[in-house]
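Student: fold the following.
(one chain, ligands or ions: 1)
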Amino acid sequence: MITHDRAFLDAVSTRIVELDRGVLRSYPGRFSAYEATKARELQDEALAQARFDKLLAQEEVWIRKGVEARRTRSVGRIARLERLREQRAARRDVVGKAKLELDAGMRSGKIVAELEGVSKAFGERTIVRGFDYTVLRGDKVGLIGPNGAGKTTLLKLILGQLAPDAGTVRLGTQIQVAYFDQMREVLNPEATLADTISPGSEWVEIGGTRKHVMGYLGDFLFAPARANSPVKSLSGGERNRLLLARLFARPANVLVLDEPTNDLDIETLELLEDLLTDYPGTVFLVSHDRTFLDAVVTSTLVSEGDGAWREYEGGVEDWLQQSRRAAALAAKDAAKAAAPKALAAPAPVAGPVAAPAPARRKLSYKEQRELDELPVRIAALESEQKALSEQLAGTALYSETPQRVAGVHARHAEIDDELMALLERWESLSGPAR
Ligand SMILES: Nc1ncnc2c1ncn2[C@@H]1O[C@H](COP(=O)(O)OP(=O)(O)OP(=O)(O)O)[C@@H](O)[C@H]1O
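Tutor: Down below sits the predicted model:
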């Protein structure tokens with residue numbers, strides 16, 4: 001019996017067979033029993049994953065320690081870390097694939113939009129001039145230009161929401177657009193996380209594929225225990241993560257993301273990168289975060305001023321390289337034309353913009369000092385923890401008072417937390433600029 005009628009299922013079934021992430025599982029009993037067991041399993045899974053993450057994080061702290069510690073690294077421990085990393089990567093894979101099934105709404109036609117000689121001006125100001133452009137299904141397009149260059153206007157033209165002054169825009173078939181705009185999206189602060197994703201149902205259902213909302217929230221790094229908390233209890237970054245979860249639960253085949261990376265932590269950024277990279281539909285991405293753009297886009301639309309827009313294959317780095325090359329060639333040609341007999345001077349390497357920003361954010365003097373001291377603090381905590389582990393493994397400790405034994409246990413656990421906090425600090429200080 002295959003049905004979406006839960007009341008009916010609950011009344012008649014004696015066994016539920018579930019297909020989740022490509023695995024079939026059988027649960028004896030009625031539908032309500034299955035739901036309870038499933039929620040428990042998801043919770044256990046989240047707990048096991050959290051434990052695993054903690055171990056991995058500790059091992060990452062260890063491997064990242066200074067040169068001195070590096071000499072004493074054990075081969076076995078490094079091999080174990082590599083295995084842990086692989087397991088972690090595989091887990092993300094499963095999640096990514098599961099979501100892809102949810103995302104793939106109805107496919108759009110092969111051509112999403114075709115623009116010919118499109119121009120648009122607001123009063124005296126020309127935003128787009130004589131623009132020819134074709135977007136195909138699956139293109140991931142980055143838009144780059146200073147504030148007010150016309151990125152939003154160009155997007156509206158491409159998606160047929162704004163009529164051009166001149167030229168034609170032909171839209172493809174079956175296009176369903178979903179937007180992610182942190183500034184404008186509104187979340188009901190009183191609604192729960194689960195209700196925000198899938199109002200009135202415990203299931204997220206798109207294109208015939210269903211997933212329990214707890215599991216879906218888990219994919220977006222919300223623990224099952226939080227599914228029934230109100231939106232107002234979330235931090236700003238968590239709200240953005242929830243908006244992303246809602247975006248990917250919509251049956252769209254064209255996603256438009258305007259500055260999606262503001263306020264997202266590293267893990268969510270990676271998740272978003274993976275989601276967008278694997279997303280089978282078309283993506284338009286406006287972002288000032290070059291690393292993020294480079295990771296996701298397959299082509300870039302760049303404002304070259306005065307209504308001129310140009311398409312480059314690849315991401316920001318490719319655009320910079322290509323435009324530097326073009327500028328160098330132009331300079332060479334100009335030099336040749338101006339002074340044909342002069343000795344060939346090295347071509348100036350000039351581009352429309354400066355070289356890419358350094359990958360790491362600029363630290364204040366105080367932060368740099370803190371970062372430099374972190375390995376020492378981590379090493380001290382680890383050697384303290386090692387000494388405690390030895391005491392716990394030996395017999396002498398147990399001839400002392402029970403309070404003393406409990407104290408050693410407690411300090412050992414406390415060091416775990418301190419190490420985690422230092423690792424997080426290390427991540428945030430040494431992470432890329434955003
Ligand atoms: N409906 C409108 N009427 C008049 N002017 C407009 C209209 N929409 C946009 N503009 C102007 O056109 C220019 C381009 O705006 P647009 O919002 O497309 O830029 P943007 O590149 O997306 O900017 P930002 O990076 O700041 O979001 C701006 O100067 C804006 O004031």
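
Student: which residues in the stretch 51-200 of the chain form helices?
Tutor: 67-71, 75-103, 151-158, 193-197 (DSSP state H, counting those that start in this stretch).

Student: write out the residues of the stretch 151-300 of the chain neighbouring the ligand.
Tutor: 151-153 (C-beta under 6 Å from any ligand atom). Yep, even glycine has a C-beta here, placed from its N, CA and C like the rest.

Student: any chance of the residues you listed in a markdown table, plus pLDDT and neighbour count?
Tutor: Below are those laid out as a markdown table (pLDDT from 0 to 100; neighbours: other C-beta atoms under 10 Å):
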| residue | pLDDT | neighbour count |
| --- | --- | --- |
| Lys151 | 92 | 21 |
| Thr152 | 91 | 16 |
| Thr153 | 93 | 17 |
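
Student: and the residue of the stretch 251-400 of the chain that's closest to the ligand?
Tutor: Proximity of the stretch 251-400 of the chain to the ligand (C-beta to the nearest ligand atom) peaks at Val286, 6.9 Å away.

Student: what's opposite that residue in the beta bridge?
Tutor: Leu143, Asp258 (DSSP bridges).

Student: who's in contact with Pro199?
Tutor: Ala191 (C-beta atoms under 8 Å, 6 or more residues apart in numbering).

Student: next, give phi and psi for it.
Tutor: Main-chain dihedrals, Pro199, degrees, to the nearest 10: phi -60, psi 130.

Student: any stretches of this protein with poor pLDDT?
Tutor: Scanning the chain for pLDDT under 70 picks out 3-6, 21, 62-78, 89-107, 182-185, 205-208, 332, 335-361, 431-434.

Student: identify the residue nearest the geometric centre of it.
Tutor: Centrality entry for the chain: nearest residue to the mean C-alpha point is Leu272, 2.2 Å, by C-alpha atoms, centre = their mean.

Student: pull out the buried residues from the helix or strand that that one is a member of.
Tutor: Taking DSSP states H and E as the criterion, the element that holds Leu272 is helix 266-278. Across helix 266-278, burial judged by 16 or more other C-beta atoms under 10 Å covers 268-269, 271-272, 274-276.

Student: tell me how far it is from the chain's mean position?
Tutor: 2 Å (C-alpha atoms, centre = their mean, to the nearest Å).

Student: and it, what does it pack onto?
Tutor: helix 75-103, helix 236-248, helix 290-296 (3 or more C-beta pairs under 8 Å, 6 or more residues apart in numbering; DSSP states H and E).

Student: next, the angle from it to helix 236-248.
Tutor: Here the directions of helix 266-278 and helix 236-248 differ by 20 degrees (axes from the mean of the first three to the mean of the last three C-alpha atoms, to 10 degrees).

Student: restricting to C-alpha, output helix 266-278 in CSV.
Tutor: Taking Å, rounded to 0.1, in the frame of the first residue of the first chain, the C-alpha atoms of helix 266-278 are listed here in CSV:
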residue,chain,number,x,y,z
ILE,A,266,32.3,28.4,7.8
GLU,A,267,30.4,25.2,8.0
THR,A,268,27.2,26.7,6.6
LEU,A,269,29.2,28.4,3.8
GLU,A,270,30.7,25.0,2.9
LEU,A,271,27.3,23.4,2.9
LEU,A,272,25.9,26.2,0.7
GLU,A,273,28.9,25.8,-1.7
ASP,A,274,28.2,22.1,-1.9
LEU,A,275,24.5,22.6,-2.4
LEU,A,276,25.0,25.1,-5.2
THR,A,277,27.7,23.2,-6.9
ASP,A,278,25.6,20.1,-7.1
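
Student: for Val405, which residues are in contact?
Tutor: Counted by C-beta under 8 Å, 6+ apart, Val405 has contacts 397-398.

Student: returning to that earlier point: if I look at the residue nearest to the centre of the chain, how far off is Gly145?
Tutor: To Gly145, Leu272 is 22 Å away according to C-beta to C-beta, to the nearest Å.

Student: residue contacts, the closest residue to Phe292 other than its chain neighbours?
Tutor: Nearest residue to Phe292, sequence neighbours excluded (C-beta to C-beta, 6 or more residues apart in numbering): Thr261, at 5.3 Å. For Thr261, the contact set (C-beta under 8 Å, 6+ apart) comprises 269, 272, 287, 289, 292, 434.

Student: run the last query once more with 7 Å
Tutor: 269, 287, 289, 292, 434 (C-beta atoms under 7 Å, 6 or more residues apart in numbering).

Student: same check, this time on Arg377
Tutor: Leu422.

Student: what's the helix or strand for it?
Tutor: helix 365-393.

Student: now do that helix: distance to the chain's middle.
Tutor: Counting by C-alpha atoms, centre = their mean, helix 365-393 comes out at 31 Å from the chain centroid.

Student: next helix or strand past it?
Tutor: helix 402-430.

Student: okay, the angle between that following helix and helix 365-393?
Tutor: Using the same axes, to 10 degrees: helix 402-430 against helix 365-393 is 150 degrees.

Student: list the buried ones in helix 402-430?
Tutor: Those would be 408, 412, 415, 418-419, 422-423, 426, 429, for helix 402-430 by 16+ other C-beta under 10 Å.

Student: closest one of those to Lys38?
Tutor: Nearest to Lys38 among those, counting by C-beta to C-beta, is Leu423 at 32.8 Å.

Student: so what's the closest one closest to, chain neighbours aside?
Tutor: Val61 (4.8 Å).
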